[in-house]
Each structure stands twice: as C-alpha cells, then as structure tokens.
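Peer 1: Provided below are the primary sequence and the corresponding predicted coordinates.
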Protein chains: 2
Amino acid sequence: MSTKNLHDEQFEETTIRLFRKLSTRMILFHQLAAQSLGLVHTDLKSADILIEFGPMTAGELGKKTGLSTGSVTALVDRLENAGYVKRENDPNDRRRVIIVPVQESRQPIKKLFSGLSESTIALCKEYSPEELEIIFDFLKKGTDLIDAEIERIRE
Amino acid sequence: MSTKNLHDEQFEETTIRLFRKLSTRMILFHQLAAQSLGLVHTDLKSADILIEFGPMTAGELGKKTGLSTGSVTALVDRLENAGYVKRENDPNDRRRVIIVPVQESRQPIKKLFSGLSESTIALCKEYSPEELEIIFDFLKKGTDLIDAEIERIRE
C-alpha cells in the first residue's frame, strides 16, 4: 500500500468516526428529550417535518418519514394527545384531513432544546464570519447528502 | 431593537434552522436504515455505543443510552437475535454479564451506510486541509456540546 493510500485510509477512518460520534450523540439527545416529554423518540422529528414543510396529509407525512400507514396513525395520535398537532379538514379540499402543527404548544420542546441552541450559537460565535461560511456550507451540503441517501434507501 | 440585535437574531435563527434540518435528516436516515434491518431505530446507535466504548454491562449501557432497565433488556434481546451483540461472562468477574459487540455481523449495516460514508468523504475532499481543520474542529466541539446536554437532561 502506498503512503498516499494509507494516508487516505486514515483520513477516511477519522472522518467516518467523527460523523458517527456526532450522529450517535444527536440521536441519543433526541431520544432522551422525547422520553422526557412522554413521546417516542422520532415523534419530535416528525413534528419538525410538519413545521418545516407545513401541514400535510397522513399519507404525505408517511412518505416524508418513511413510516407505514399504521405507524403514522399512531404517531399522529400521540402528537395530537400531547398537543403538538391537530387534525383539520383541508380548507382547499374538505374531504382531505391534514395534520397541522400547533406552534404554541412547543414551549416544553423549546425549553428542552434551548440549552443546546444557546451553546451551539455560542460555539458559532467563536469562529470568524469567513470560517462560519465554510462550516455552514459544509453542513448544508452534508444535509443534502443525507437527503439523497434517504431517497436511495426508500427506493 | 438595534441593528446589531436584529442581525444577531437573524444569525441565531439561521443557525438553529440549519442544525435542526441536519439533525432531522440524520434521525430520519437512521430510522429508515434500522427499519430496513428489522431493528428499532435507536438500536443501531446503542450498538455503536458498544463499539465506541467496548463491552459493558446492561446497567452501564442503560446509563450511556438513558434507557430504563426493561428497555435495555429488550434492546439487547433484539440486537442479540439480529446477531449484532453477544451476552458473555465478564472474564474479570464471572458473576457479571457483559454485552459484547459482534463486529463480523456488521456487514449489512456497513453496506447500508457505505453510500453515505462515500459521499461524505467525497464532500470532505472538496475542501482544503485548512478548511477541513476548521470544519472538523467545529464538529468535534459540537459533539461535546451535545454530550454536555445529554448529561444535563439526565440529571
């Protein structure tokens, strides 16, 4: 193996280990946060999908999250009971039921995440605007990569 | 509100939105990956904890993951059935049972994650070594922040 390849391999290992550690922590954090709100761990992220894309039908939410019809129904029940979403008739088509996020009730979630939000912002402020541009560019492209992989797994 | 504060607020909103989007995608990806392996979504990350820290008792795994005793038992059962871990007697204390990750059987997981690993490495190679140093420094510090928040929620 040439030095170049060895170097490449080490670089790849370090990179993968870094991302694995980050994603493990992110997932553990969300698991604990959801648990402390009496929700199943992925529920919060499904609620985030509704906030990001706006109200949608259960079928559309199933497509976005990759959950089965039964799982989506159970998810919406839990979120509705906890006051995070409402089922409403679509104003554009009264036969359709859409799931609408309830913004006001997100206070407990906000409180839970506010510590992490604050420390993340404090961390960002340690970097120069030029450095942050590089970091944010990387994170946006990384998010797009994951989106592409989600599509690939679903197919 | 002064221009400075407005600027700050916009910066904070953009930052939080970016991280929220990234974490939503990471969690969705892991949910789908686990589903396609017949596991519950956080199981893979619990298996990762074992690989990162080495074999440990169910009690220790519970502490690291924040899961209750019953949830850890069910988790270890699923992972053992799927061939990802083994229960073994601790060679240092035969009365203790430790959970040992089974590295060989991680092939299906690796295959599932290899697309994302490859595209992440390709993305990293678009940046100069100096830029990557900034990005990796940021990601490491970000991981530490999440670790600190996990501790805080647990308390």
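Peer 2: Looks like it arrived, so ask away. Numbers count the residues shown, from 1 in each chain, chains lettered A, B, ... in the order given.
Peer 1: So what's the residue count around residue A:73?
Peer 2: For residue A:73, the count of nearby residues is 13 (other Cβ atoms under 10 Å in any protein chain shown). The C-beta positions use only the backbone N, C-alpha and C, and glycine is treated the same way.
Peer 1: Give the buried residues for the helix or strand where it lies.
Peer 2: Under the criterion of DSSP states H and E, residue A:73 resides in helix A:69-81. Of the residues in helix A:69-81, A:71-72, A:75-76, A:78-79 count as buried by neighbour count, 16 or more other Cβ atoms under 10 Å in any protein chain shown.
Peer 1: TSV for the residues you listed, including pLDDT and distance to chain B?
Peer 2: Listed next are the buried residues of helix A:69-81 as TSV, based on pLDDT from 0 to 100; distance: Cβ to the nearest Cβ, whole Å:
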residue	pLDDT	distance to chain B
A:71	82	9
A:72	89	13
A:75	88	11
A:76	92	16
A:78	86	15
A:79	87	15
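Peer 1: that older thread, hmm, who's touching the helix holding residue A:73?
Peer 2: With contact meaning Cβ atoms under 8 Å, 6 or more residues apart in numbering or on different chains, helix A:69-81 is reached by A:39-40, A:42-43, A:46-47, A:58-59, A:61-62, A:65, A:67, A:85-87, A:99.
Peer 1: So what touches stretch A:141-148?
Peer 2: In contact with stretch A:141-148 (Cβ under 8 Å, 6+ apart) are residues B:18, B:21-22, B:25-26, B:28-29, B:116, B:119-120, B:123.
Peer 1: list the buried ones in it?
Peer 2: Buried residues in stretch A:141-148 (16+ other Cβ under 10 Å): A:142-143, A:145-146.
Peer 1: Equivalent analysis for stretch A:56-69, please.
Peer 2: Buried positions in stretch A:56-69, judged by neighbour count with 16+ other Cβ under 10 Å: A:56-58, A:60-62, A:64-67.
Peer 1: do the same with stretch A:46-53
Peer 2: A:46-50.
Peer 1: near chain B, which of those show up?
Peer 2: A:48-49 (Cβ under 8 Å from any Cβ of the partner chain).
Peer 1: Nearest to chain B among the buried residues of stretch A:46-53?
Peer 2: residue A:48 (5.0 Å; Cβ to the nearest Cβ).
Peer 1: got a pLDDT number for that closest one?
Peer 2: Residue A:48 is assigned a predicted lDDT (pLDDT) of 82.
Peer 1: if we can go back for a sec, with secondary structure, pLDDT and distance to residue A:128 as new columns, can the buried residues of stretch A:141-148 be given to me in a markdown table?
Peer 2: Formatted as a markdown table, the buried residues of stretch A:141-148 follow (DSSP: H, G, I helix; E, B strand; the rest coil; pLDDT from 0 to 100; distance: Cβ to Cβ, whole Å):
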| residue | secondary structure | pLDDT | distance to residue A:128 |
| --- | --- | --- | --- |
| A:142 | helix | 94 | 21 |
| A:143 | helix | 93 | 23 |
| A:145 | helix | 93 | 26 |
| A:146 | helix | 92 | 27 |
